[in-house]
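Visitor: Starting from these lines, generate the structure:
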Amino acid sequence: MKKIMIVEDSSLMIAVISNFIKKEGKEVTLISAHNGKEAIDMYEQEKPDIVFMDIKMPIMDGMQSLEEIKKKDPAAKVVMCTSLKEQAQEDKAKALGACGYIMKPFSRQDIISAIEKNTDW
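Guide: The predicted model follows:
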């Protein structure tokens, strides 16, 4: 069973992404964190197959969290999710090891495609 972690400070966005994934009808374990610090702690405990990470969050942003997760697990699959269209930010995410970059508002297919591209789901 795949483990998918959603890191987002908005409970509504966690619910949206979770529902997109659940509609696929596959058995998955969904894990959520509300900031980058929680994401690092949860990643170490849960070892998810893929992470969907917001960039702008309190306590620790997604870029910092991505960097820390990749230091601990270079094979980590992290897809950055943001509403800010900034090429420099996308370039930085990729340089830090993000395996994807999705712009909000995203579709169900954006989420499912990222999972299929980065896991054997």
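Visitor: For this protein, list the residue farthest from the centre, please.
Guide: residue 25 (19.9 Å; Cα atoms, centre = their mean).
Visitor: The most centrally placed residue in the chain and residue 20, how far apart?
Guide: Central residue of the chain (Cα atoms, centre = their mean): residue 52, 1.2 Å from the mean position. From residue 52 over to residue 20 the distance is 10 Å, taken as Cβ to Cβ, to the nearest Å. C-beta: built from backbone N, CA, C; applies to glycine.
Visitor: and for those two, which residues touch both?
Guide: residue 111 (Cβ atoms under 8 Å, 6 or more residues apart in numbering).
Visitor: Low-confidence ranges, this protein, go.
Guide: Nowhere does the chain drop to pLDDT under 70.
Visitor: residues in contact with stretch 31-46?
Guide: Against stretch 31-46 from outside (Cβ under 8 Å, 6+ apart): 3-9, 11, 14, 18, 48, 51, 53, 57-62, 64-65, 68-69, 72-73, 76.
Visitor: Just the buried ones from those residues?
Guide: 4-9, 14, 18, 48, 51, 53, 57, 61-62, 64-65, 68-69, 76 (16 or more other Cβ atoms under 10 Å).
Visitor: Would you enumerate the residues in contact with residue 62?
Guide: Residues near residue 62 by Cβ under 8 Å, 6+ apart: 7, 36, 39, 53-56, 80, 82.
Visitor: which of those residues lies closest to residue 105?
Guide: residue 82 (11.1 Å; Cβ to Cβ).
Visitor: distance of that closest one from residue 44?
Guide: Distance of residue 82 to residue 44, given as Cβ to Cβ: 24 Å.
Visitor: Which one of the two is surrounded by more residues?
Guide: Applying other Cβ atoms under 10 Å to residue 82 and residue 44 shows that residue 82 carries more neighbours, namely 20 against 12.
Visitor: Give the burial count for the closest residue to that one other than its chain neighbours, as a bare number.
Guide: Distances taken as Cβ to Cβ, 6 or more residues apart in numbering place residue 55 nearest to residue 82, at 4.4 Å, with adjacent residues excluded. Using other Cβ under 10 Å, residue 55 is surrounded by 25 other residues.
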